[in-house]
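Chemist: coords please:
(chains A and B, ligands or ions: 3)
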Amino acid sequence: MPLERINDFVVRFANVNGSGSASANTLFGKSILRMGVPVATRNVFPSNIQGLPTWYEVRVSEAGYLGSRGGVDLMVAMNPQTWDKDIASIEPGGYLFYDSTRAIPHDRFRDDITVLGLPLTEFCAREYANPRSRQLFKNIIYVGALAALLDIELAAVEKLIGEQFKGKDKLIEPNIQALHMGAKLAHEHFACPIGLRVRRADKIGDRIVIEGNSAAALGAVFGGATVCAWYPITPSTSVAEAFQRWSKRFRVDPVTGKNRYAIVQAEDELASIGMVVGAGWNGARAFTSTSGPGISLMQEFLGLAYFAEIPAVIMNVQRGGPSTGLPTRTQQADLLSCAYASHGDTRHVLLLPEDPHECFVFGAQSFDLADRLQTPVFVMLDLDIGMNERLCNPLPWDDTRRLDRGKVMTAEELEAGKDFGRYLDVDGDGIAYRTYPGTHPTRGSYFTRGTTKDSRARYSEEGKDYIENMDRLMRKWDTAKTLVPAPILRPAKTPTDLGVIYYGSTGPSMDEAADLLEARGIHVDRLRVRAFPFPAEVMDFIHAHERVFVVEQNRDGQLRMLLINEGEINPAKLIKTVHYDGSAITARFIVDSIARAVAAPGRHLAA
Amino acid sequence: MTYIAKPKLHHPQLATNTLGYTRRDYEGTVSTLCAGCGHDSISAAIIQACFDLDLPPHRIAKLSGIGCSSKTPTYFLGASHGFNTVHGRMPSVLTGANLANRDLIYLGVSGDGDSASIGLGQFAHAIRRGVNMVYVVANNGVYGLTKGQFSATADRDSASKTGAINKDSAIDMVSLALQLGATYVARSFSGDKEQLVPLLRGALSHEGAAFIDCLSPCVAFNNHAGSTKGFDFIREHNAAVNQLDVMEPRAPITASYPPGALETIEQHDGSVLRLRKLEQDYDAGDRLSAMTYLQERAAQGEIVTGLLYLDQKARDLHENLGTIATPLNSLGDAELCPGREALERLNASLR
Ligand SMILES: Cc1ncc(C[n+]2csc(CCOP(=O)(O)OP(=O)(O)O)c2C)c(N)n1
Ligand code: SF4
Ligand SMILES: [Mg+2]
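Modeler: Numbers count the residues shown, from 1 in each chain, chains lettered A, B, ... in the order given. Ligands and ions are numbered 1, 2, ... in the order given. Predicted coordinates:
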């Protein structure tokens, strides 16, 4: 039986990288959004520019589930290289759309799916003289055909084409023409629509679509960042590129045309974090964007910044594995390497955004936290939210908000005789006052170094000075717990002693999983952790439940380790629930893992 | 190890500069380096140069890496902010600091191990970006602080104190700086205050990447017979090409020199450099011939010192980046945050 689904299915496009399919695919996804139906789109791409397979997944979900679902209901197979694998991934009863110009042997299809072949290449060869046009319009033609097959309003697609080519108006007409040719072709060959359909709804509200990297960079602009030093690495490169773009738009002095920002592409990540530390020391808000291998190179400086108490923001867009790992796949596998980065007794603040909306909010907030706490702050994105356009709440800003520069002693205060000791804990919160270089002719200067110092920044190798400093840093850490974003609790509808802790891009799949579990009679209270150090509510949640699943996207259960370590929790109580093949975690995976564990005999009493 | 403050009592007869500061106001704490270490003479020359130029000490930021040489910023300019960074990475910290506030003077002090070994990359990139700074390498051919291993500037076939022979070729930081586009390049010797102080003054008034390679013998580990970085060897092989004098902005030239031997160069900030040629053929305005000259003389075993290159039309990193004149660290909320209305418009464009 062919699948019959309205506003609830997954379409996957299999393309060749560099064939110009990306903009056609985006057009397809956006047109469904314009019909008021939520979609979640994901790119799966290789680490090269041209020639290798890429996939683009569009999950249509009126219920608003934005996590990856797993499985494919309609495969748009445009890449012969990946044909067999693509065909195999179609759900029973699903659909296959392909270019039938070249005959494909019968045994390379499946019997349990509906096959929709259109001779696209042949058609384009007839319609267009120029080879480049053939390729580009082929993409629009299949969008037109799919619109007919799925009952997508052509008017919605036309409007988007108009917006896309605004200013290049000559291109609008031929694209619209190609769209209609595609739709007509589909109508000529098949009974349209098929069992999968889009029906106009009103489920978008005022939500927007943006990539997490772009939103984080915009957060940096709103958060007052002026210095960005970076080194290219996938999947973080587009953070710095977006910062450049937003800065050009928002940060050019209207009178002089000069920039209120400075961006340096450093020679490596050692230099990028060094520049950030130098700028932070000198009172500018500075950040770098990088990924795991870059974090490894930054270790020494991160320790210095921690001990010398210098504000710095590091946006880490996580990916799989080492330098020659899975650069174009997603993971949450840098938690430990960031939380305890560097030598000596160090610990760092991590912010864990769920979606682009939070990338923006945390992107801006990270600078306030770094200045307030005088320490490095990591914004932990990952490829899934960083490099995919995601439907999310509009980006918020409150105009009464002021940049919090933290404890900075001014020239006036120094002049008035206020006592200055760079590492003196005058307020009992572990945070001392600092001065910017050049503030006052005779007061407030100090020499910055690691730990060989006393509370007035004078050189000292005394053990008691070292301990005093280290203990103050722990007081500061306790203060951090009260300043970082609090976790978000979503209680089950029925009281339960099962809890789930999760974070970051796992959010949407976990929310969906909770609904699915509930339908199966498994009730879980959910806590989405949004920062390290853990605010008190996190440990309270663990103590209030008999068993807590910790759902994350890495092999070793890194958040679980942090929870065990920081809260001195019995490891048996925290159940590792990990997904780490480089694809985004799915609700199906979470449901299976949790349901299996709940059903397992003898595990009920684990505590 | 404790910190020893110098007594602050001012002698009534101490000379003051136009800011009313005495030389003492440019000093730091008492040096803890070995008695006779060349690095202490560099500190003294920095103190002198800043005093002479009437620089307000607090408007200078001093940064260093790790090493005996990198410890010296504690021993001068006590009223300046200082930053003892990590080994070999001072250039990036200085670059970032400079981006944050272009109005301060940046003085980077490093060693040959710090800048030619572990930090060669960062040295090169800070120079090629044209960071407005004075970058001094106290060059002793060894790692002093870790007790005498060869550094990358040690000459081939020179002997260490323990008798080991260095087989690797030496990195010449002056040649590198020239090739990388430094706009003020000098070499000097910590034992020659007459030469070093004016070179520092020239560098401090230069608006671009100024580099001084200052030979600075390590009396503990590299001052023996067979060393090419000891006091005696340097004195014997020192070949100064010119003698620099820095004058107050637009001051008239009064001293008399033999005709043809005197060159005056005006810098960006208006200060006038007066260069007395000791080597008639040497043209400090010509990068290419400077590089050739240095190679030729080095092949003959000479250590060429003096102001080796000056580009009057130096451009710095801020100019390249098009940053505004106001220091970035002093911009307020209104200049930085686009605000809610702009964000609403943006939200609307993302639907
Ligand atoms: C990452 C790192 N590696 C090694 C060291 C140890 N170390 C300290 S100083 C130094 C060499 C300093 O040599 P140089 O810059 O020539 O300074 P000098 O003491 O000769 O003035 C080394 C290797 C360190 N501090 N950090
Ligand atoms: S070891 Fe050498 S470089 Fe270090 S202080 Fe002593 S003489 Fe100077
Ligand atoms: Mg040395």
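Chemist: pretty sure B:Q48 sits against B:E194.
Modeler: No. Using Cβ atoms under 8 Å, B:Q48 is not in contact with B:E194; the gap is 10.8 Å. For every residue, glycine as well, the C-beta is placed using N, CA and C.
Chemist: these two - which one has more neighbours?
Modeler: B:Q48 (19 against 10; other Cβ atoms under 10 Å in any protein chain shown).
Chemist: what parts of the stretch 101-250 of chain B come near ligand 2?
Modeler: Applying Cβ under 6 Å from any ligand atom, we find that the stretch 101-250 of chain B lies next to ligand 2 at B:140, B:144-145, B:218-221.
Chemist: so what's residue 54 up against?
Modeler: You didn't pick a chain, so chain A it is. A:14-17, A:21-22, A:43-46 (Cβ atoms under 8 Å, 6 or more residues apart in numbering or on different chains).
Chemist: nope, chain B please
Modeler: For B:D54, the contacting residues are B:17-19, B:21, by Cβ under 8 Å, 6+ apart.
Chemist: name the element it belongs to?
Modeler: Using DSSP states H and E, B:D54 sits in no helix or strand.
Chemist: quick check, pLDDT for it.
Modeler: In the predicted model, B:D54 carries a pLDDT score of 95.
Chemist: with A:K418 instead?
Modeler: 97.
Chemist: burial check on the residue in the stretch 201-350 of chain B that ligand 1 sits nearest to, number of neighbours?
Modeler: Closest contact between the stretch 201-350 of chain B and ligand 1, by Cβ to the nearest ligand atom, is at B:C218 (6.0 Å). When neighbours are counted by other Cβ under 10 Å, B:C218 registers 31.
Chemist: do a quick rundown of the helices in chain B.
Modeler: B:38-52, B:68-71, B:90-100, B:112, B:120-128, B:173-180, B:193-204, B:231-237, B:287-299, B:317-321, B:333-336, B:340-349 (DSSP state H).
Chemist: possible to save the contacts of A:T54 as JSON lines with secondary structure and neighbour count?
Modeler: Formatted as JSON lines, the contacts of A:T54 follow (DSSP: H, G, I helix; E, B strand; the rest coil; neighbours: other Cβ atoms under 10 Å in any protein chain shown):
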{"residue": "A:A14", "secondary structure": "strand", "neighbour count": "25"}
{"residue": "A:N15", "secondary structure": "strand", "neighbour count": "22"}
{"residue": "A:V16", "secondary structure": "strand", "neighbour count": "17"}
{"residue": "A:N17", "secondary structure": "coil", "neighbour count": "16"}
{"residue": "A:S21", "secondary structure": "helix", "neighbour count": "25"}
{"residue": "A:A22", "secondary structure": "helix", "neighbour count": "17"}
{"residue": "A:N43", "secondary structure": "strand", "neighbour count": "19"}
{"residue": "A:V44", "secondary structure": "strand", "neighbour count": "21"}
{"residue": "A:F45", "secondary structure": "coil", "neighbour count": "21"}
{"residue": "A:P46", "secondary structure": "coil", "neighbour count": "15"}
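Chemist: what is the nearest of the residues of the stretch 101-250 of chain B next to ligand 2 to B:G88?
Modeler: Taking Cβ to Cβ as the measure, B:G88 sits nearest to B:L145 out of those, at 12.9 Å.
Chemist: which ones are touching that closest one?
Modeler: B:66-68, B:71 are the contacts of B:L145 under Cβ under 8 Å, 6+ apart.
Chemist: just send the residues you listed back as CSV, with distance to chain A, pLDDT and neighbour count too.
Modeler: Output for the contacts of B:L145, formatted as CSV (distance: Cβ to the nearest Cβ, whole Å; pLDDT from 0 to 100; neighbours: other Cβ atoms under 10 Å in any protein chain shown):
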residue, distance to chain A, pLDDT, neighbour count
B:I66, 10, 97, 24
B:G67, 13, 97, 27
B:C68, 14, 98, 28
B:K71, 9, 97, 22
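Chemist: what parts of chain B come near ligand 3?
Modeler: Counting by Cβ under 5 Å from the ion, chain B comes close to ligand 3 at B:111-113, B:140.
Chemist: quick one: which of those residues is nearest to A:N316?
Modeler: Closest to A:N316, out of all of these and judged by Cβ to Cβ, is B:G113, at 31.5 Å.
Chemist: give me the low-pLDDT residue ranges for the chain?
Modeler: Going with chain A. By pLDDT under 70, the low-scoring segments of chain A are A:47-51, A:602-607.
Chemist: the chain in question should be chain B.
Modeler: Applying pLDDT under 70 to chain B flags residues B:1-12, B:247-261.
Chemist: from it, which residue is nearest to ligand 3?
Modeler: Residue nearest to ligand 3 within chain B (Cβ to the ion): B:G111, separated by 3.9 Å.
Chemist: and that residue, what are its bridge partners?
Modeler: B:A138 (DSSP bridges).
Chemist: I'd guessed it sits against B:S70; true?
Modeler: Yes. Contact criterion Cβ under 8 Å: B:G111 and B:S70 qualify, at 6.1 Å.
Chemist: the two: which has the busier surroundings?
Modeler: Comparing B:G111 with B:S70 by other Cβ under 10 Å, the one with more neighbours is B:G111, at 35 against 27.
Chemist: list the contacts of the more buried one.
Modeler: B:G111 touches B:65, B:67-70, B:137-140, B:143-144, B:151, counting by Cβ under 8 Å, 6+ apart.
Chemist: let's see if you can find the most crowded of the residues you listed.
Modeler: Neighbour max across the contacts of B:G111 (other Cβ under 10 Å) = B:N140, 34 neighbours.
Chemist: now do the same contact list for that one.
Modeler: B:38-39, B:69, B:111-112, B:151, B:215-218, B:221-222, B:229.
Chemist: A:D419 too?
Modeler: Contact analysis of A:D419 by Cβ under 8 Å, 6+ apart lists A:V426.
Chemist: tell me how many other residues crowd whichever residue of the stretch 251-351 of chain B sits closest to ligand 2.
Modeler: Across the stretch 251-351 of chain B, the shortest distance to ligand 2 (Cβ to the nearest ligand atom) belongs to B:I303, at 18.6 Å. For B:I303, the neighbour count with other Cβ under 10 Å is 22.
Chemist: equivalent analysis for A:F109, please.
Modeler: Each residue near A:F109 was counted by other Cβ under 10 Å, and the total is 14.
Chemist: flag every buried residue along stretch B:35-48.
Modeler: B:37-48 (16 or more other Cβ atoms under 10 Å in any protein chain shown).
Chemist: typed the wrong thing, it's stretch B:191-211
Modeler: So, applying 16+ other Cβ under 10 Å, buried residues of stretch B:191-211: B:191-192, B:195-211.
Chemist: swap in stretch A:77-92?
Modeler: Buried positions in stretch A:77-92, judged by neighbour count with 16+ other Cβ under 10 Å: A:77-79, A:82-83, A:86-87, A:89-91.
Chemist: likewise stretch B:18-31?
Modeler: B:21, B:23-29, B:31.
Chemist: indicate which one of the helices of chain B is closest to A:D253.
Modeler: The nearest among those, by Cβ to Cβ, is helix B:333-336 at 8.0 Å.
Chemist: now find how far off-centre the closest one is within its chain.
Modeler: Centroid displacement of helix B:333-336 relative to its chain, using Cα atoms, centre = their mean, to the nearest Å, is 35 Å.
Chemist: and chain A, is it touching that?
Modeler: Yes. Part of helix B:333-336 sits near chain A under the criterion Cβ under 8 Å from any Cβ of the partner chain, namely B:333, B:335-336.
Chemist: top of those residues by neighbour count?
Modeler: B:L336 (21 neighbours).
Chemist: dump the residue contacts of that residue.
Modeler: Taking Cβ under 8 Å, 6+ apart, one finds A:221, A:224, A:226, A:251, A:260, A:403 in contact with B:L336.
Chemist: before we move on, the earlier item: looking at the contacts of B:N140, which one is closest to ligand 2?
Modeler: B:C218 (3.2 Å).
Chemist: that'll do, ta.
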